[in-house]
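# Sequence plus predicted model, see below.
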There are 2 protein chains.
Amino acid sequence: MAVVAYKINREKLEKAAYILKTVAHPTRLAIVDLLRLNDRLSVNEIGDTLEVEQSLLSHHLITMKLKGILRSEKEGQSVYYSLKERDVT
Amino acid sequence: MAVVAYKINREKLEKAAYILKTVAHPTRLAIVDLLRLNDRLSVNEIGDTLEVEQSLLSHHLITMKLKGILRSEKEGQSVYYSLKERDVT
DNA sequence: TGTTTATATGAACATTCATACATACTTTTG
DNA sequence: CAAAAGTATGTATGAATGTTCATATAAACA
């Protein structure tokens, strides 16, 4: 018996996998979750809450920003991150 | 101002990330999607549809089975895979 | 202006993952 | 029983990722 037609194309799958992959990490999931509850947070606030080392956190944040999951805005010496799309969850 | 209480624990995050990570791959996403549309499929049927090399496909399937995403049942010389939880999507 | 605070950057290294290839195992069939 | 079909397994290898550490940059403040 024939397999039900498969219409999802390679490209879409790759895009989806790409996004999933970015979020599929305990710390990054935590960040997304935190930002779901708090509209925006500074790197410091996130670091204090999650207890992640500064540089590592920065790497994670920048990665997620690059992949279009987060946005950031600088204000004074702080940088505030927030979810780019409210429905990532 | 205080960060909104963070109640999700490390363990849950790790479990979630673990599952996400497993699925966060184009081929594996495609498999899940295929099995969403077809209740169960043999390795061969999946391979033909997705055009993935036999051994590689087997590795993917077994990985997903190990991580609790798929289930399998042998019937004759074929092995049929299906989603373990219908709501993975 | 020198120092402190907040964040980013880059390099080095370790770990994990994806893929390919060769081969093994099991069931069916001639 | 030998061969074929379907699937699994093990290993090697390269590529991608995660983490750490040292250092840079920028803003605020004494």
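Noted; the coordinates are in hand. Worth saying up front: this structure is predicted, and the values here are computed from it rather than measured.
# OK, contacts around A:Ser78?
A:Ser42, A:Val43, A:Asn44 (Cβ atoms under 8 Å, 6 or more residues apart in numbering or on different chains). No exception for glycine: its C-beta is placed from N, CA and C like everyone else's.
# okay, and for chain A, where does confidence drop off?
Scanning chain A with the threshold set as pLDDT under 70 gives A:1-8, A:87-89.
# one more time with 90, if that's ok
Applying pLDDT under 90 to chain A flags the ranges A:1-12, A:85-89.
# ranges for the strands of it?
Here chain A has its strands, by DSSP state E, at A:41-42, A:70-75, A:78-83.
# Please convert the contacts of A:Ser78 to a markdown table, extending it with distance to A:Leu29 and neighbour count.
Output for the contacts of A:Ser78, formatted as a markdown table (distance: Cβ to Cβ, whole Å; neighbours: other Cβ atoms under 10 Å in any protein chain shown):
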| residue | distance to A:Leu29 | neighbour count |
| --- | --- | --- |
| A:Ser42 | 19 | 17 |
| A:Val43 | 17 | 17 |
| A:Asn44 | 20 | 13 |
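# Against DNA strand C, which of these make the cut? List them.
A:Ser42, A:Val43, A:Asn44 (Cβ under 7 Å from any atom of the strand).
# and of the residues you listed, the nearest to B:Glu14?
B:Glu14 has its nearest neighbour among those in A:Val43, at 22.6 Å by Cβ to Cβ.
# So what's the residue count around A:His11?
Check again: residue A:11 is Glu, not His. Burial of A:Glu11 is recorded as 9 neighbouring residues (other Cβ atoms under 10 Å in any protein chain shown).
# Report the separation between it and A:Tyr81.
Using Cβ to Cβ, to the nearest Å, A:Glu11 is found at 29 Å from A:Tyr81.
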